[in-house]
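*Asks:* here is a sequence with its predicted model. Questions after.
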Amino acid sequence: MPNMKKNMEKLKHPNSRKTQKLATKMKRNEKKDQNKLGTHIKQNLIGEKILWFKERIPEDCLVLTKEQTLELIETYLARFDEELEQIALKNSIGHRKNRHQHASREDIINITKKREQNEFETCGLEMPDLLDAEQMQVLRNWNGELRFLQHFKLKRFARKHLI
C-alpha cells in the first residue's frame, strides 16, 4: 500500500492510464480489506454465541434433550434482560424525560433481541447442534479459538422443531 502511494505521487497527469490503473488497484485492495474485516466480525459474533452455549451446557450431559435445548435457547434469548432492567432503573432515577446516556445501547439490545426472537419463531436460531453427541464433544474440546469454528456444524433450531 505505501508503495502505491509513492507511485501515485510520481505520476504527472491525474487522468493518465497509469494513474487510473493504480487507483483501481488501490480501490480493489481497500475492498478486499473491508471484506476481510466483515468476515472477522461475523466470525467473532458466531464465536461468542458458541462460547455462550459452551459455558452453559451441563457437565455430565453427553447430548441435550429437546426440552433442555429449548430451555437453553430461551435463556440465551433472555441474556440481556438484566442489563435492560438496569438501564430502565438508571433512567427512572431523577425522573428523566429523555434517555441520553444509555439510549444507543438500549436500542441495540432491543433490535438484537427482537431479531433473534423473530428468527427463533420462524426459520430458527443458528447454533451448534447440541442434540448430536459428536458435535457436543467438539464443543467441549473447543478452546475458544476462532480458527476452529469450521469444525462446528451449525444447525437452525426453531421453537416448532423443539416442542
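*Replies:* Received the coordinates, thanks.
*Asks:* can you name the element that comes right after the helix or strand bottoming out on mean pLDDT in the chain?
*Replies:* Lowest on mean pLDDT, DSSP states H and E among the helices and strands of the chain sits helix 2-10, with a mean of 64. Next helix or strand after helix 2-10 toward the C-terminus (DSSP states H and E): helix 17-56.
*Asks:* avg pLDDT for the helix or strand that that following helix is followed by?
*Replies:* Of the helices and strands lying after helix 17-56 in sequence (DSSP H and E), the nearest is helix 66-77. Averaged across helix 66-77, the pLDDT comes to 90.
*Asks:* gap between helix 66-77 and the chain center?
*Replies:* How far helix 66-77 lies from its chain's middle: 19 Å, per C-alpha atoms, centre = their mean, to the nearest Å.
*Asks:* what helices or strands is that helix leaning on?
*Replies:* Judged by 3 or more C-beta pairs under 8 Å, 6 or more residues apart in numbering; DSSP states H and E, the packing partners of helix 66-77 are helix 17-56, helix 103-121, strand 125-128, helix 159-162. For glycine as for every other residue, the C-beta is placed from the backbone atoms N, C-alpha and C.
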